[in-house]
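>>> what follows is a predicted structure for the sequence shown.
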Amino acid sequence: MPVGNFTNVSAPKQRRQAIFIRGLVQGLVVIGEIGMASEYEDRKRLTFEQAEGAEPLPSQLKLKEISPELRARLWRIFYDLLVDAKTDYHYDDLDDGCVEVLRDYHVTCCFRAADEFNSSFHYWVEELKPIFMQGHYTKVLGFVQWMLRYEDNPSHLEIDVANALRESGAAYVFEGDTIIPIGSDAERGTLARAFADVAASEFRGARAHLRNAGSELTAGNYGPSIRESIHAVEAVARVLEPSARALAQALAKLEGKVRVHHNLHVGFCQLYNFTSDEKGIRHPLLDEPVAKVDETDALYMLGSCAAFVSYLINKARQAGLLDEATP
């Protein structure tokens, strides 16, 4: 019998069929509304062109890649700093603070004579804009990182740069005072937690090694990056067990105190042995010009060592070896 045909059907059954059909229609309406709401939420995250399929959807950028969007976002940040530093809208002079920063950059990064320094607004726009808009990714991120590490940089600069990297889908993240490559959002979270965990003064060495590992990785120096990553773990282990002379000894002694799982201990010692065996990572090169490791190896070791640093510190806190109030 066709749906909706109530001929020769009892009244109670007609009512049940009517209720069923009405419920089905209402359910379809709700599903349609949910679908429309979901589509609306999706479109809010996209440009009109992307939503219509005229442009590709945004995706995570690759390492060593700077998109036109990221270039434009970063240049806007630094162009606005130059505009804000003008002493008067109608003149070309920059204020003393900005001049001091640019003079240091002129001498210490560009290696140019101090007496050839030009302090005009338009000179520095013409000098810096090509770096941001056409320069190699190392030049762009190198200048940005130099500014971020400058002692008297503007208070909002770190937030602005971090937002630009995140919103443009860059494969780099700003942590501490260093721009570090990442492979995924999970690695972003791992590095953020590790830098937070080594913020305490006793872990200055580990923090410096993590920072250096990120810098070397960004620069394409994969062997040195791996070396710095493993040194970060060594630095934490030696803080927690000062009597140990090597990482394996430190982990062995810590295993009883903080209940490091034995298999984790063994696994990390194997990674440590890898860095010792591969020429050019932890020991001087003899026959090979460079260590036989690549970007993937270095990225993996940075993430693994950052995670293990956090693991050791938090295990030590649980065991009462560190002050709970320590950040």
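The structure has been received and is ready for your questions.

>>> what mean pLDDT does stretch 122-130 have?
Mean pLDDT, stretch 122-130: 96.

>>> next: stretch 204-224.
Stretch 204-224 comes out at a mean pLDDT of 85.

>>> give the buried residues for it.
For stretch 204-224, burial by neighbour count (16 or more other CB atoms under 10 Å) applies to 205-218, 221-224. All C-beta spots, glycine's among them, are computed from the backbone N, C-alpha and C.

>>> which of the residues you listed fall in helices?
205-218, 222-224 (DSSP state H).

>>> what's the pLDDT at Asp42?
On the pLDDT scale, Asp42 gets 53.

>>> one more: Glu158?
So, for Glu158, pLDDT stands at 89.

>>> one more: Glu33?
pLDDT, Glu33: 53.

>>> repeat for Arg112
Reported pLDDT for Arg112: 96.

>>> so it touches Arg103, yeah?
No. Counting by CB atoms under 8 Å, Arg112 does not reach Arg103; the two are 10.0 Å apart.

>>> could you pull out the strands for this protein?
Under the criterion DSSP state E, the chain carries strands at the ranges 172-175, 178-181.

>>> using a markdown table, lay out those together with mean pLDDT and mean neighbour count.
Listed next are the strands of the chain as a markdown table, based on pLDDT from 0 to 100; neighbours: other CB atoms under 10 Å:
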| stretch | mean pLDDT | mean neighbour count |
| --- | --- | --- |
| strand 172-175 | 83 | 23 |
| strand 178-181 | 84 | 23 |
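
>>> which one, of the ones you listed, ends up nearest to Ser119?
strand 178-181 (27.5 Å; CB to CB).

>>> show me the chain divided up by domain.
Annotated domains of the chain cover 19-48, 62-168, 171-327 [automatic domain parsing].

>>> which one of these is the most hemmed in?
Across the domains of the chain, averaging neighbours per residue (mean count of other CB atoms under 10 Å) puts domain 171-327 on top, at a mean of 18.

>>> so which residues of this structure form helices?
11-44, 48-51, 68-84, 96-108, 121-134, 137-149, 157-167, 185-197, 204-218, 222-240, 247-258, 262-277, 295-318.

>>> for the fifth one, C-alpha coordinates in PDB please.
Written as PDB, here are the backbone C-alpha positions of helix 121-134 (Å, rounded to 0.1, in the frame of the first residue of the first chain):
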ATOM      1  CA  PHE A 121      61.400  56.000   7.100                       C
ATOM      2  CA  HIS A 122      61.300  55.600   3.300                       C
ATOM      3  CA  TYR A 123      64.800  54.200   3.100                       C
ATOM      4  CA  TRP A 124      63.900  51.300   5.500                       C
ATOM      5  CA  VAL A 125      60.600  50.700   3.700                       C
ATOM      6  CA  GLU A 126      62.500  50.200   0.500                       C
ATOM      7  CA  GLU A 127      65.200  48.100   2.400                       C
ATOM      8  CA  LEU A 128      62.800  45.700   4.200                       C
ATOM      9  CA  LYS A 129      59.900  45.300   1.900                       C
ATOM     10  CA  PRO A 130      61.700  43.200  -0.700                       C
ATOM     11  CA  ILE A 131      62.900  40.900   2.100                       C
ATOM     12  CA  PHE A 132      59.400  40.200   3.200                       C
ATOM     13  CA  MET A 133      57.700  40.100  -0.200                       C
ATOM     14  CA  GLN A 134      60.300  38.400  -2.300                       C
END
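
>>> helices or strands next to it in the packing?
helix 68-84, helix 137-149 (3 or more CB pairs under 8 Å, 6 or more residues apart in numbering; DSSP states H and E).

>>> which other residues reach that helix?
Defining contact as CB atoms under 8 Å, 6 or more residues apart in numbering, one finds that helix 121-134 is touched by 71-72, 74-75, 78-79, 82-83, 85-86, 92-94, 102, 118, 139-140, 143.

>>> repeat that for 10 Å
66, 68, 70-79, 81-83, 85-87, 91-94, 98-99, 102, 105-106, 110, 117-118, 120, 135, 139-140, 142-144 (CB atoms under 10 Å, 6 or more residues apart in numbering).

>>> hang on, the earlier thing: identify the contacts common to Arg112 and Arg103.
With CB under 10 Å, 6+ apart, Arg112 and Arg103 have common neighbours Asn118.

>>> pick out the residue nearest the middle of the chain.
Val173 (2.3 Å; CA atoms, centre = their mean).
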